[in-house]
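Q: Sequence plus predicted model, see below.
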Amino acid sequence: MIQTSDFHFPYIPERLQRLSDLAVNLWFSWHTKALGLFQYADAVLWEDVYHNPVNFLHQIGAQRLEELAKDQKYLDKYDTVIQAFDHYMNSSDTWFMAHHADKAQKLIGYFSMEFGIHECLPTYSGGLGILAGDHLKSASDLGIPLVGVGLLYRESYFTQFLSPHGHQQSVYISNDFADMAITPVKKDTGDILLIHIQLDNQVVAARIWKAQVGRVPLFLLDTDFPENPVKDRTITQRLYVADRDQRLFQEMFLGIGGVKALKSMGLEPAVYHMNEGHCAFLTTERMCQEVSSGLSLEDAREKIRASTVFTTHTPVEAGNEVFAAGRILKFFPSYCKTLGICDDTFLKTGQSPSHPDPNAFNMTILSLNMSAMANGVSQLHGQVARHMWHHLWPDLKEEEVPIGAITNGIHTRTWMTSAMKDLLDTYMGSEWRYRFSNRDFWQKIWEIPDENLWEIHRKLKKYLLDEVRKRLQDQLERNGDPPEAILEAKTILDPNALTIGFARRFAQYKRPTLILRDRERLKKILWQNDRPVQIIFAGKAHPANQPGKSLIQEVFGESRNPEFRGRIVFVENYDIYLARRLVSGVDLWLNTPRRPMEASGTSGMKVVVNGGLNFSIRDGWWDEAFDDEAGWAIGEDKTYYHEVEQDENDSRSLYQILENEIIPLYYNQDENGVPAGWVKKMKSSMQRIIPQFNTDRMLMEYLEKMYIPSMR
């Protein structure tokens with residue numbers, strides 16, 4: 001038996017005691033009315049704690065809570081939310097129980113290096129983590145018996161500040177675990193439950209923390225506590241550290257430690273899902289456990305493979321983790337001894353038989369070798385992955401390589417704004433929340449009057465511009481800019497102008513500066529008197545990625561260039577909260593990866609659920625989602641072999657479509673300012689894309705194609 005310690009909050013009136021239950025279950029992160037209870041209670045404090053309900057309840061005054069306990073308007077909202085929360089948590093009437101009740105005892109263990117659930121739990125850096133967080137949320141909604149396993153970072157990923165010259169400053173802020181929606185897992189004795197891993201010549205311990213994501217528990221390991229030596233306490237200090245030994249230790253704790261943690265809590269998954277190769281050592285630990293229990297090496301291997309599935313997320317070389325062979329052997333001698341194999345045999349599990357590199361150990365190859373089923377994250381990425389890893393199966397034709405494809409989706413209820421939800425409630429009824437994948441049902445989107453949908457979009461755009469202006473003012477004040485520049489930031493950007501958003505990790509293959517390729521042409525596009533266009537950029541580069549940081553500096557420099565000032569802005573510190581504002585407020589989402597390097601991408605899907613339109617290279621998810629009636633495609637659906645040619649062709653296409661199609665359609669507005677053709681495209685985009693590109697559909701596919709076959 002295990003237990004998690006209770007949260008201890010300052011005084012909360014009896015009538016409002018259930019606020020504590022809401023604060024510690026991340027269910028609130030996709031239920032805007034639950035978040036509204038905290039915002040209504042004290043809007044200023046809510047912003048000060050950056051939307052963290054646990055920290056909020058630690059700081060709000062008892063007097064204010066007493067006032068709320070007598071405020072009937074507030075109590076009505078509170079009772080409605082609590083009733084919905086209890087129904088959600090206690091109901092067995094779920095999709096999974098309706099379709100797979102016989103598998104209810106078959107647990108799925110979902111391992112990931114990062115989980116992006118809400119800004120108050122900073123255990124993520126970008127797309128991989130956001131996808132993992134959405135995976136847990138849909139598993140909860142559908143009632144799938146799944147647990148998440150990851151790491152808890154003391155400083156997490158970095159906070160981004162830009163210098164006056166656009167240099168990215170990476171600032172690490174220490175997290176106070178007592179103010180986060182997590183609880184330490186304890187034994188029945190009340191002692192903290194620990195797991196231990198052999199690292200070199202010493203044993204290092206890790207605590208286990210639990211975050212509750214609706215119905216789904218997420219277990220997070222950390223090493224930062226006094227029982228460990230100082231140097232080992234830093235193992236879980238930061239996400240994606242550059243130090244190779246520290247990165248290896250993190251991946252050992254994620255894979256090996258994660259398996260040990262589940263076992264120590266009496267949890268035995270029937271299926272282990274490796275979300276990217278960082279967690280591949282879970283197969284090594286499971287192999288050792290099976291061999292130690294008496295299975296032969298070959299039987300253990302087959303048993304582990306049969307119950308393991310793997311998702312690869314990127315064709316980019318840097319995204320496929322490789323460690324020096326000597327470093328691996330230094331920390332795995334006991335595993336070789338337990339398995340009864342020599343060093344070379346162990347290394348071969350992470351090496352290609354047809355293209356062996358004796359000095360390297362590839363975590364993606366280990367993952368593919370040790371899983372019965374693997375998938376890419378879009379149909380195009382599946383093709384790319386089969387080509388990329390064909391050398392592991394040299395006797396097969398490329399199309400026969402056993403890597404399938406399950407296209408990513410988004411958790412719609414998280415990424416759709418409350419204003420859009422209310423609009424859909426009015427014209428489609430509340431059942432849209434449970435019918436994401438029903439294409440026929442989403443025909444109802446056409447029943448929404450154009451002017452109503454456009455009004456909501458304009459409101460969301462205003463919220464975005466307000467947030468951008470606030471952040472720009474804070475940035476200018478911090479950097480000591482003159483008062484006139486700060487004053488200008490208060491009114492920067494035109495709410496009536498066509499607004500383009502570009503926000504993602506800054507890496508060379510994503511080509512964030514493609515739209516800047518012909519500056520004279522872009523200047524004419526942005527500064528048309530009667531048809532202005534403006535671009536909002538945001539995104540981080542990994543601290544070790546100097547070319548990525550240079551791209552940020554280039555975009556920032558153009559935002560300060562008098563020729564573009566006021567038409568191009570760069571907003572610092574891109575995170576989940578800023579992402580929600582951007583994807584809900586822009587008119588047009590720009591995505592310019594070098595095809596076919598974008599495995600999937602999901603930000604464009606989040607734009608769609610709020611009425612925005614996509615303007616993207618036909619790569620990743622957009623290659624299969626693109627439809628002339630639902631958005632625009634840049635360039636051609638082919639792979640180039642010369643980067644200069646590709647950049648030239650794609651940039652020419654980008655400018656031509658902007659000038660000849662997008663801008664005229666946006667500004668063809670009636671006497672009430674409603675662009676009928678644009679709104680028609682908004683509706684078409686929502687009707688076609690929402691039913692397909694959501695994580696409910698994605699989880700159903702994982703169950704049918706991978707989880708249930710593995711259970712058998």
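A: Received, thanks.

Q: Asn672 is in contact with Glu451, isn't it?
A: Yes - contact between Asn672 and Glu451 holds when scored by CB atoms under 8 Å: they sit 6.4 Å apart. Every C-beta, even on glycine, is put in place using the N, C-alpha and C of the backbone.

Q: Those two: which is more packed in?
A: For Asn672 versus Glu451, the count of surrounding residues by other CB atoms under 10 Å is larger for Glu451: 14 against 9.

Q: quick one: what helix or strand has the more buried one in it?
A: helix 450-478 (DSSP states H and E).

Q: Who are the packing partners of that helix?
A: strand 159-162, helix 418-428, helix 483-489, strand 498-503, strand 568-571, helix 576-585, helix 676-689 (3 or more CB pairs under 8 Å, 6 or more residues apart in numbering; DSSP states H and E).

Q: Just give me the lowest mean pLDDT stretch among those.
A: Out of the helices and strands packed on helix 450-478, helix 483-489 stands lowest, with a mean of 93 (criterion: mean pLDDT).

Q: What is that helix packed up against?
A: For helix 483-489, the elements it packs on are helix 450-478, judged by 3+ CB pairs under 8 Å, 6+ apart.

Q: Quick one: low-confidence residue ranges for the stretch 1-150 of the chain.
A: The stretch 1-150 of the chain contains residues with pLDDT under 70 at 1-6.

Q: all helices of it, in order?
A: If DSSP state H, counting those that start in this stretch is used as the criterion, the helices of the stretch 1-150 of the chain fall at 19-23, 32-41, 43-48, 53-59, 62-68, 72-90, 95-100, 127-142.

Q: and if you look at the stretch 501-650 of the chain?
A: Taking DSSP H, counting those that start in this stretch, the helices of the stretch 501-650 of the chain run over residues 519-526, 546-560, 576-585, 603-608, 621-625, 643-657.

Q: Just put those helices in CSV and tack on distance to Phe85 and mean neighbour count.
A: Listed next are the helices of the stretch 501-650 of the chain as CSV, based on distance: least, CB to CB, whole Å; neighbours: other CB atoms under 10 Å:
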stretch, distance to Phe85, mean neighbour count
helix 519-526, 47, 16
helix 546-560, 41, 18
helix 576-585, 21, 23
helix 603-608, 24, 26
helix 621-625, 32, 24
helix 643-657, 46, 16
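
Q: Just send those back as CSV, with distance to Ser163 too.
A: Converted to CSV, the helices of the stretch 501-650 of the chain look like this (distance: least, CB to CB, whole Å):
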stretch, distance to Ser163
helix 519-526, 23
helix 546-560, 9
helix 576-585, 19
helix 603-608, 26
helix 621-625, 34
helix 643-657, 28
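
Q: so which of those gets nearest Met686?
A: In terms of CB to CB, the element of the helices of the stretch 501-650 of the chain nearest to Met686 is helix 603-608, at 6.0 Å.

Q: how about the helices of the stretch 1-150 of the chain in a markdown table, adding distance to Pro13 and mean neighbour count?
A: Formatted as a markdown table, the helices of the stretch 1-150 of the chain follow (distance: least, CB to CB, whole Å; neighbours: other CB under 10 Å):
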| stretch | distance to Pro13 | mean neighbour count |
| --- | --- | --- |
| helix 19-23 | 9 | 21 |
| helix 32-41 | 12 | 18 |
| helix 43-48 | 17 | 13 |
| helix 53-59 | 12 | 21 |
| helix 62-68 | 5 | 14 |
| helix 72-90 | 11 | 14 |
| helix 95-100 | 37 | 16 |
| helix 127-142 | 29 | 26 |
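
Q: Tell me if I'm right that Thr283 and Ala372 touch.
A: No - counting by CB under 8 Å, Ala372 is not a contact partner of Thr283; they are 11.2 Å apart.

Q: For those two, indicate the residue with more neighbours.
A: In this view Thr283 and Ala372 are compared by other CB under 10 Å, and Thr283 has more residues nearby, 26 against 17.

Q: residue contacts, that one?
A: Gly255, Tyr272, Met274, Ile304, Thr308, Leu366, Ser367, Met370, Ser371 (CB atoms under 8 Å, 6 or more residues apart in numbering).
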